[in-house]
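J.: need a structure here:
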Amino acid sequence: MDPTPATGTPTVTRSSRTAVVVCDAPGEQERRLVGLLDFFRVPWKQVGSEALVSRAFPGSNAADGYAVFSSLALMGRFLATRGPDTAVPVLLERAESTYFYGGGLHAEMDRAVVWLTGSSAAHVEILPAAASVGGQIESQTDICGPLSGVPVVDAIRPGDAVLVVPNLTRRFRPLISACYGHVFGQGFLGGRSVYVDPCPELIDLDQPLSKPYFDVRDFFCASVPIVLFLRSVFRESMAQPIERGACVIVDDPYLKSRYGHFTFSEILSLSLKHQFTCTIAFIPWNWRRSRGSVVSLFRRYPDRLSLAIHGCDHSGSEFGDVSVETLNSLTQVSLRRMEQHRLRTELPYDRLMVFPQGVYSTAALAVLKRKGFVAAVNTDAWPIDQPGSIKIRDSWKTANMRHEDFAVFSRRYAFHGLLNFAFDLLLGKPCLIASHHDDYQYSGRDMVALIDQLNGLAVNLNWRSLGGVIRHAGCLHQALNGQQHISMFGNEIVVTNHRGESQRALVEKQEQQPELIQRIEFDGHPVKFTASEGLVRIEVNVAAHHSGCVAVLYKDEYGAAVDGRTLMRRSRAWVRRGLSDVRDEVGARAPWVVTYAKEAGATLRSRIQRART
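T.: Predicted coordinates:
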């Protein structure tokens, strides 16, 4: 999950660099800190403040160095016992770097920041309730990675802590600045880097999401500085994304030249000019409606235009149903229609489910898994039947694997803001942009502006089809004897060997019920696997300069299903799809009609309600 900008194949080497957490009485900040270290698989050791002046490394091996974590308050108390001219403690002097975090008494923190910055007037300040705060992340790609140079809007808020350094010295440089001070900065002490983060609360990864998606603007000061530090200092020991994939997903259009504001020829032209890819979340109900002129565009530009599956009838919250029988029937009808569309048009599609209206149930994940879907993609993180079940740590992973060990990849709308997209890339998550036809008004001006901003980030984006992004969305861990060690999330992943000789790869996938696996294939051939401790492990031999796909196939316990949709339900789906098409087309050409219809509908509902009461 290390977000270092990558060119070509990520280099992963063994490292035993350790995090040394200095505290005398571990509190909530320390609990959250070690939770972050565990999440990123950083080895750590806890020591008391007496270790600051010890000449022995507080661990078994310091060969690969260590980084120190300490609260500002603890450092302030240490300085109070030794006077203002205290020399750099041995532990800090020998560390590769030190991270100081906030919390505790202000007098103690202020004493520490004066010593760290070399400015006698430096202090920590809490932003007042009336503060209107903007900010900027400095263009320091070595530390800030994809966030380098990104403006901070609506993220630094009243109640957050800033570091005020009236007279900047050579011993301190800001990394994240706000109107009233600095949210994060780097100091230089005894020839070593020290990082100062005055935020009084680090993020709690075990906190349930309060929104349907993780919004870094709600946790900016609590999460961004610490993650920037970890990805910079521990990049060699943290897992790295195989690549940072990106794709634009457009919901609903069927394959005709124009759908509402969305025009296929225009989107193709924009994709070639601005360097992005587009996957249509295709409603299977539309399988008979594709036009030859648009189909030919897909055939000519398969690297730019592709198809995924968007529900079945797209009627209401169809995949929010909790009945396995109903979901099995819906999924089977959906796949049958997509196959019929493929036979009619010769266009391939990816077995990826983009849930209509962002609604799904845990039962839907179970059915999709057994019906051979690679993964699902959704904007809302939580299933409709378990809304409080997703924690922040689930949303930080490459894909959410909380339910049924089935990958749900997150996507974002443009209104989530550039900061959220950049933070996802910092975590190693794919960059998936959700859109509808009305996002392409004025020749897609706003969408293209976002894409240009993303392409301008300090990271190498690999634009692929949605299926291509997900099949390359994995984590590369430390190499073991020259062997690749890969974590996969979707049920398929591409393993690539860039070497001039064959290479072994160990692939792992989370799976609590390995008995459900029918077989695992590599390049279409069955391979052996082992299962233990909630993981399935597959070892494959990849030929020189070759790529192969590992695919996990599950038993279809539910079997064939009878189409349980009644004539009434089919009729409602037909009417709904027709009205939706009319709404989108009229809204693009005569928006005043839609506005008038909404107002008339609201008036009618109000009158009915008054009549009932």
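J.: if I read this right, Leu116 contacts Val196, doesn't it?
T.: Yes. Contact criterion Cβ atoms under 8 Å: Leu116 and Val196 qualify, at 5.9 Å. Placement of C-beta: from N, CA and C, glycine included.
J.: between these two, what contacts are shared?
T.: Phe100, Phe172, Gly187 (Cβ atoms under 8 Å, 6 or more residues apart in numbering).
J.: Just give me the neighbour total for Met447.
T.: Residues contacting Met447 under the criterion other Cβ atoms under 10 Å number 22.
J.: Next: Thr81.
T.: Thr81, neighbours per other Cβ under 10 Å, totals 8.
J.: OK, contacts around it?
T.: Going by Cβ under 8 Å, 6+ apart, the list of residues near Thr81 is empty.
J.: Kindly provide the distance from it to Val527.
T.: 62 Å (Cβ to Cβ, to the nearest Å).
J.: more crowded one of Leu116 and Val196?
T.: Between Leu116 and Val196, counting by other Cβ under 10 Å, Val196 is the more crowded of the two (29 against 25).
J.: and the strand or helix carrying the more buried one, how far out from the chain's middle?
T.: Assigned by DSSP states H and E, Val196 falls within strand 192-197. Taking Cα atoms, centre = their mean, to the nearest Å, one finds the center of strand 192-197 at 27 Å from the center of the full chain.
J.: what's it packed up against?
T.: If contacts are counted by 3 or more Cβ pairs under 8 Å, 6 or more residues apart in numbering; DSSP states H and E, strand 192-197 sits against helix 90-94, strand 97-101, helix 106-117, strand 182-189, helix 220-233.
J.: who does the longest one touch, helix- and strand-wise?
T.: Applying 3+ Cβ pairs under 8 Å, 6+ apart, we find helix 220-233 packed against helix 28-39, strand 97-101, helix 141-144, strand 172-178, strand 182-189, strand 192-197, helix 418-427.
J.: Reformat these as CSV; add mean pLDDT and distance to Val152.
T.: Output for those, formatted as CSV (pLDDT from 0 to 100; distance: least, Cβ to Cβ, whole Å):
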stretch, mean pLDDT, distance to Val152
helix 28-39, 96, 21
strand 97-101, 96, 19
helix 141-144, 91, 12
strand 172-178, 92, 7
strand 182-189, 93, 8
strand 192-197, 94, 15
helix 418-427, 98, 7
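J.: would TSV of these with distance to Ser410 be doable?
T.: TSV is the format used below for the helices and strands packed on helix 220-233 (distance: least, Cβ to Cβ, whole Å):
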stretch	distance to Ser410
helix 28-39	17
strand 97-101	28
helix 141-144	22
strand 172-178	24
strand 182-189	25
strand 192-197	26
helix 418-427	8
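J.: Kindly tell me how buried the closest residue to Ala531 other than its chain neighbours is, as a neighbour count.
T.: Spatial nearest neighbour of Ala531, chain neighbours left out: Pro514 (3.6 Å); criterion: Cβ to Cβ, 6 or more residues apart in numbering. Neighbourhood size, Pro514 [other Cβ under 10 Å]: 16.
J.: Which per-residue confidence value corresponds to Pro514?
T.: You'll see Pro514 listed with a pLDDT of 97.
J.: next one: Gly601
T.: 61.
J.: any idea how far Leu535 is from the residue nearest to Ala531?
T.: 9 Å.
J.: Please apply the same query to Ala381.
T.: 23 Å.
J.: avg pLDDT for stretch 240-257?
T.: In this model, stretch 240-257 carries a mean pLDDT of 96.
J.: can you pull the contacts of Val22?
T.: Val22 touches Gln46, Val47, Gly48, Ser49, Ala51, Leu52, Val68, Phe69, Ser70, Leu74, Leu91, counting by Cβ under 8 Å, 6+ apart.
J.: quick one: which of the residues you listed is nearest Lys211?
T.: Nearest to Lys211 among the contacts of Val22: Phe69, at 29.0 Å, using Cβ to Cβ.
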